[in-house]
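Sharing a sequence plus its predicted fold:
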Amino acid sequence: MRQEAPLRAGEELPPLEIPVTRTLIVAGALASRDYQDVHHDPELARQKGSPDIFMNILTTNGLVGRYVTDHFGPTAVLRRVAIRLGAPNHPGDTMVLTGTVEQVDGDTATVRVAGSNALGHHVTGTVTVTVPPAAPSGGAG
Amino acid sequence: MGEDELGARLKAYEGRAATVAGVGKDPVNLPMIRHWCEAMGDTNPAYTGPDAVAPPTMLQAWIMGGLSGHGGHSQAYDELSALLDEAGCTSIVATDCEQEYLRPLRPGDEITFDSVIESVSDRKTTKLGTGYFVTTRTNVRVGPDLVGTHRFRVLKYAPAPRPRKPPPRPRPVVNRDNAGFWAGVAEHRLLIQRCTGCGTLRFPWLPGCNHCGCPDWDTVEASGEGTVFSYVVMHHPPFPAFDPPYAVALVELTEGVRMISNVVGLPCDKVRTGLPVRLEFRSYDDELTLPVFRALEEAV
Ligand SMILES: [Zn+2]
């Protein structure tokens, strides 16, 4: 987790590697109540023009949110998440999430996030997050 | 339907309600939050314990229809979907999601929502297929309070046919009686059986001579010259490994025997009886080489 440094435009978040397993794709789809067959049934996914099942957008959204709050800590509050999907995440892929603080306005930062796999960008987007200043720590009350 | 007459009909749905008075199937609850966090690998302590809030990115999960489907879709949305389905755009993939979170959701919050069809794109061709992007915007409420907004774009599309690798050509059945022939093919030699009793050539390979009944034989290597004795052009039924139409010819070799093979190097409608052909060996895959006959250029 990030230390108590002030928010700074240009700050880069450490990359996060997400192994895209079949289990992650199916667990993410079910946890998001998404029963579209392309997220759990390889045969039906193939009939619809995809080589295998692929990650649903809600899981991608959840992972992007996690990536940002993992970095800024449990007091960080997500205000806005806007993502666009590109190359699909298939079982066996590894998605690497990267992020850069693009803009800072008081205690609120806009982070540009991208998640790439071997095919290119799976996801690009921006996350707006409020990070309250750290409470003065310790202190001899 | 004409050159994007469908698109015009779809555009008429812009601005119409997609969901009216939708109700979340479950109130915001800890078990669903925990399942989400497990799936996402999210260990943020804000999502556990007595003061837990829901991960904001779960917003859409609270309004999903799940296996039992949505109840709250408007007639307009159903019509739009039906129009797309009828046009073959039966597949759907989400492309964009934009969410704003106005306040955290907490266990016990009862969700209601309504949504509007914000826009329908022109017809687009993508890697997946051709279709239309449909954007909806959903307001999510708890009681009277707007707690989040959710803009969602999907591509409803007709799947592009996937270029499928054709299955391999059928393998020859190699047995004791014809193994010598296939051994010859492996060396790019076309071997004709010859009866050692009476000298009669025979093809295809057989255990004995039709002329004198003698079981003994040796072989003669065909020169490779021949003519089309007869042929058919196969149109139907199609076999997966073949690409009709194609010519199947009965080729008479200069040695006098006839064999069935393909004529290559010539459109199948140009194959004629009497066409001079010459043997060649064609490799169809790593394990299959077959003798075929090429139309001689001077004759074409
Ligand atoms: Zn004989």
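Cool, got the structure.

do you know how far the closest residue to B:H150 other than its chain neighbours is from the ion?
The shortest distance from B:H150 to any non-neighbouring residue, by C-beta to C-beta, 6 or more residues apart in numbering or on different chains, is to B:T138 (4.3 Å). All C-beta atoms are positioned from the backbone trio N, CA, C, and that covers glycine. From B:T138 over to the ion the distance is 86 Å, taken as C-beta to the ion, to the nearest Å.

and B:T138, which of the three is it?
Assigned state for B:T138: strand (three-state reduction, DSSP: H, G, I helix; E, B strand; the rest coil).

What residues does the residue found closest to B:W217 once you drop the neighbours it is linked to in the chain make contact with?
In space, and not counting its chain neighbours, B:W217 is closest to B:Q193: 4.9 Å by C-beta to C-beta, 6+ apart. If you count contacts by C-beta atoms under 8 Å, 6 or more residues apart in numbering or on different chains, B:Q193 has them with B:G180, B:F181, B:L201, B:R202, B:F203, B:W205, B:L206, B:W217, B:D218, B:T219.

How many residues are close by B:P237?
Counted with other C-beta atoms under 10 Å in any protein chain shown, residues neighbouring B:P237 total 7.

Now do it against B:V271, distance only.
Remark: distance between B:P237 and B:V271 (C-beta to C-beta, to the nearest Å) = 20 Å.

Would you quantify the distance from A:H121 to A:D70?
20 Å.

higher neighbour count, those two?
A count of neighbours by other C-beta under 10 Å puts A:D70 above the other of A:H121 and A:D70, at 20 against 14.

Correct me if wrong, but the more buried one is in a helix.
Yes - counting by three-state DSSP, A:D70 falls inside a helix.

Retrieve the pLDDT associated with it.
On pLDDT, A:D70 comes in at 96.

Verify the stated contact: it with B:A46.
No - with contact defined as C-beta atoms under 8 Å, A:D70 does not count as touching B:A46 (11.5 Å).

low-scoring stretches of the chain, by residue?
Going with chain A. A:1-5, A:135-141 (pLDDT under 70).

other chain: chain B
Residues of chain B that meet the cut-off, pLDDT under 70, sit at B:1-3, B:71, B:162-164, B:297-300.

Show me how the record splits it into domains.
Domain assignment for chain B by automatic domain parsing gives B:3-159, B:179-299.

Among these, which comes closest to A:A82?
A:A82 sits nearest to domain B:3-159 of all the domains of chain B, at 4.0 Å, using C-beta to C-beta.

from the contacts of B:Q193, which is closest to A:P6?
Out of those, the member with the shortest distance to A:P6 (by C-beta to C-beta) is B:F181, at 83.6 Å.

quick check, distance from stretch B:93-100 to the centre of its chain.
Relative to the centre of its chain, stretch B:93-100 is centred 27 Å away, using C-alpha atoms, centre = their mean, to the nearest Å.

oh sorry, the question was meant for stretch A:108-119
7 Å.

and if you look at stretch B:166-180?
Chain-centre distance of stretch B:166-180: 28 Å, with C-alpha atoms, centre = their mean.

Next, the buried residues of that stretch.
By 16 or more other C-beta atoms under 10 Å in any protein chain shown, the buried positions in stretch B:166-180 come out as B:N178.
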